[in-house]
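Visitor: mind folding the following:
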Amino acid sequence: MLRSHGRFDYSPIVARPQGCWPGGSRLAVYIALNLEQYAFGEGLVEDLVPGIPAPDVLNNSWREYGNRVGAWRLHTMFEQLALPVTLLINTELYDVAPQLITAFRARGDEIASHGRTNSEHQAALPEAEERALIEQVTETIARHEGRPPAGWLSPWIAETERTPDLLHEAGYRYVLDWCMDDQPVWLRTRTGGLLAVPYPQELNDSAAIIGRQVGAAEFADMIVDQFEEMLRQSQEQPQALVMGIALHAMIAGQPFRLRHLRRALQHIATRHTQCWLTTAGAIAEQSAHAMGGPESAAAR
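Guide: Predicted coordinates:
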């Protein structure tokens, strides 16, 4: 037998029970906006133009544009289209750009954890250090928001073999790292079940635009096509599906991309009666209730 993670079993989507989201819709749509903070001249980076030696002013400035300008443009657009957002934050932003988090908090958006900073990942950390990192991030969000976050996306989607276990033990109810389905899936952990809510790797401006050089208009078309096809699939099969859209402020917040993104999101907003426009946390909460709890996902 090949080595396996053992977190979940194979389950063909066509063989699963019927279900629907609030309002009777079979398609839930959520937007995940990544707000990231990077160290200057050190650590991991996402680059627009790779290969520039430190201090890399070009790429650092591009990343900073996201939090100084791009995220605010996106905030205005979400307001205009009345779209809820799951805000995935590096907690370093509470020190660097607290006004930005305050603006999204005022909308009632969900604030979920995206680690401390995207200049680091946790994949190589010993268990004690990873636990301490998760606890620090969780406490920081709880202190500022009045309650701990329900969801977690690891920086760079990089985990250790213990990450789901540590997240469950820290009180998290869902994780966005596991991107293998169109429905939430219970992950087994050593102390119970943790929901994996679908988070898109394809419908993701970082992977598509920076990684594969997809243009702004084509990315917007991808969003529309994904929505229309998943809406059709949700009407042709009895399972309740999830569509996520992953955005990063320094990418989607560029004006020429924002113009096309607005077109795509406006298309979805006008079809709001045919889907459930929501947050990742609400999807997790509804799924946990509908799926009858995590007992079946307990560690073997």
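
Visitor: now the strands for the stretch 51-200 of the chain?
Guide: Remark: strands assigned in the stretch 51-200 of the chain by DSSP state E, counting those that start in this stretch are 86-89, 110-113, 151-152, 174-175, 185-189, 192-196.

Visitor: tally of neighbours for the residue nearest to A207 when sequence neighbours are not counted?
Guide: Distance criterion Cβ to Cβ, 6 or more residues apart in numbering; nearest residue to A207, sequence neighbours excluded, is Q201 at 5.7 Å. C-betas here are computed from N, CA, C, even on glycine. Using other Cβ atoms under 10 Å, Q201 is surrounded by 15 other residues.

Visitor: would you confirm that Q201 contacts A208?
Guide: No - look at Q201 against A208 with Cβ atoms under 8 Å: they stay out of range, at 9.3 Å.

Visitor: so how far is the longest helix out of those in the chain off the chain centroid?
Guide: Identified as the longest helix of the chain according to DSSP state H is helix 216-236. Here helix 216-236 is found 18 Å from its chain centre; the criterion is Cα atoms, centre = their mean, to the nearest Å.

Visitor: now do that helix: everything it contacts.
Guide: 25-27, 29, 182, 202-203, 205, 208-209, 214, 240-241, 243, 245, 254, 256-257, 259-261, 263-265, 267-268, 271, 274-275 (Cβ atoms under 8 Å, 6 or more residues apart in numbering).

Visitor: can you give me the helices in the stretch 151-300 of the chain?
Guide: Along the stretch 151-300 of the chain, counting by DSSP state H, counting those that start in this stretch, helices occupy 163-169, 205, 216-236, 249-252, 255-269, 280-290.

Visitor: which helices and strands does the first one pack with?
Guide: I take that to be helix 163-169. Applying 3 or more Cβ pairs under 8 Å, 6 or more residues apart in numbering; DSSP states H and E, one finds that helix 163-169 contacts helix 127-145, strand 174-175, strand 185-189, strand 192-196.

Visitor: what is the mean pLDDT for the first one?
Guide: It stands for helix 127-145. Averaged over helix 127-145, pLDDT sits at 98.

Visitor: ok, which stretches of the stretch 1-150 of the chain are helices?
Guide: Taking DSSP H, counting those that start in this stretch as the criterion, the stretch 1-150 of the chain carries its helices at 57-65, 71-81, 93-96, 98-107, 127-145.

Visitor: okay if I get the ones you listed as JSON lines plus mean neighbour count and distance to T279?
Guide: Converted to JSON lines, the helices of the stretch 1-150 of the chain look like this (neighbours: other Cβ atoms under 10 Å; distance: least, Cβ to Cβ, whole Å):
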{"stretch": "helix 57-65", "mean neighbour count": "16", "distance to T279": "25"}
{"stretch": "helix 71-81", "mean neighbour count": "18", "distance to T279": "12"}
{"stretch": "helix 93-96", "mean neighbour count": "15", "distance to T279": "19"}
{"stretch": "helix 98-107", "mean neighbour count": "15", "distance to T279": "11"}
{"stretch": "helix 127-145", "mean neighbour count": "16", "distance to T279": "14"}
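
Visitor: among those, which comes closest to G115?
Guide: Among the helices of the stretch 1-150 of the chain, helix 127-145 comes nearest to G115, with 5.9 Å by Cβ to Cβ.

Visitor: show me the contact partners of that closest one.
Guide: 89, 91, 94, 101, 105, 111, 113, 115-116, 122, 125, 148-149, 152, 160, 162-163, 166-167, 169-172.

Visitor: which among those end up buried?
Guide: 89, 91, 94, 101, 105, 111, 113, 115-116, 122, 125, 148-149, 152, 160, 162-163, 166-167, 169-170, 172 (16 or more other Cβ atoms under 10 Å).
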